[in-house]
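Q: Give me coordinates for this.
(one chain, ligands or ions: 1)
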Amino acid sequence: MSILKVARLGHPVLRERAADVEIGDIRAGKFRSLIDDMIETMHAYDGVGLAGPQVHLPLRIFVFEVPERAAKRRNVQQLGAGVFFNATYEPVGEAKITDWEGCLSVPFLGGEVPRHRKVRLKGIDHEGNEAEVVMEGFAARIFQHEIDHTDGHVYLDRMPDLTTLGYTIIL
Ligand code: NI
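A: A predicted model of the protein is given here:
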């Protein structure tokens, strides 16, 4: 396994709509080592999600995990590591929650972002099968953030109030 280089804001790969992945390629195991590398990279940078464009791959893939330490720090539910391909989301209900968000492609910064409280994700799972899950709270936030990456959006685009943007480490 290896730690991948993370694209930072300003790199055009973060602003493109990424391409769908071929289901046959998933079933043939062509993404197995990439998934391992993306999960290792996410761990190395202490993230809870990582999308293809963030590792310079304009493909609709993202990985996620909320390990115990991150869950305790943010007072949210743990979430096991996983991957989705070609995912889209739609809101379930009207409710939105505003909470703090950061991004490995926008290092050292964070800001308050409103997100749908509950979303329905449709995509392809690690075996190449169609998957549909309804998630809420922090997991729903991660999915919205990562799917946004595969659409060429970053969380800054979703911030209605840039005065909440700031460095996470104040010297
Ligand atoms: Ni991000």
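Q: Dump stretch 103-113 to PDB, restricted to CA.
A: Provided in PDB are the C-alpha atoms of stretch 103-113 (Å, rounded to 0.1, in the frame of the first residue of the first chain):
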ATOM      1  CA  CYS A 103     -11.100  19.100   3.600                       C
ATOM      2  CA  LEU A 104      -7.800  17.500   2.900                       C
ATOM      3  CA  SER A 105      -7.600  19.500  -0.300                       C
ATOM      4  CA  VAL A 106      -8.000  22.700   1.700                       C
ATOM      5  CA  PRO A 107      -5.500  22.100   4.500                       C
ATOM      6  CA  PHE A 108      -5.600  23.900   7.800                       C
ATOM      7  CA  LEU A 109      -8.900  25.600   7.200                       C
ATOM      8  CA  GLY A 110     -12.500  24.900   8.300                       C
ATOM      9  CA  GLY A 111     -15.900  26.500   8.200                       C
ATOM     10  CA  GLU A 112     -19.500  26.100   8.800                       C
ATOM     11  CA  VAL A 113     -21.500  24.300   6.100                       C
END
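Q: Now do that stretch, average pLDDT.
A: Averaged across stretch 103-113, pLDDT comes to 97.
Q: ditto for stretch 130-144
A: 97.
Q: Identify the residues contacting that stretch?
A: 48-49, 64, 66, 74, 76-77, 79, 84, 87, 89, 92, 97, 99, 101, 113, 115-125 (CB atoms under 8 Å, 6 or more residues apart in numbering). Just so you know, the C-beta spots here come from the backbone N, C-alpha and C atoms, and that holds for glycine as well.
Q: Looking at these, which are in strands?
A: Judged by DSSP state E, the subset of the contacts of stretch 130-144 located in strands is 49, 64, 66, 79, 84, 87, 89, 97, 99, 101, 113, 115-116, 118-124.
Q: In PyMOL, select just the buried ones from these.
A: To isolate the buried ones among the ones in strands among the contacts of stretch 130-144 in PyMOL, judged by 16 or more other CB atoms under 10 Å, type:
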select buried, resi 49+64+66+79+84+87+89+101+113+115+116+118+119+120+121+123+124
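Q: low-scoring stretches of this structure, by residue?
A: Scanning the chain for pLDDT under 70 picks out the ranges 170-171.
Q: got the buried residues for stretch 32-51?
A: 34-35, 37-42, 47-51.
Q: go on, stretch 14-31?
A: Result for stretch 14-31 [16+ other CB under 10 Å]: buried residues 14, 18, 21-22, 26, 31.
Q: One more: stretch 87-100?
A: 87, 89.
Q: where's it relative to the chain centroid, distance-wise?
A: 14 Å (CA atoms, centre = their mean, to the nearest Å).
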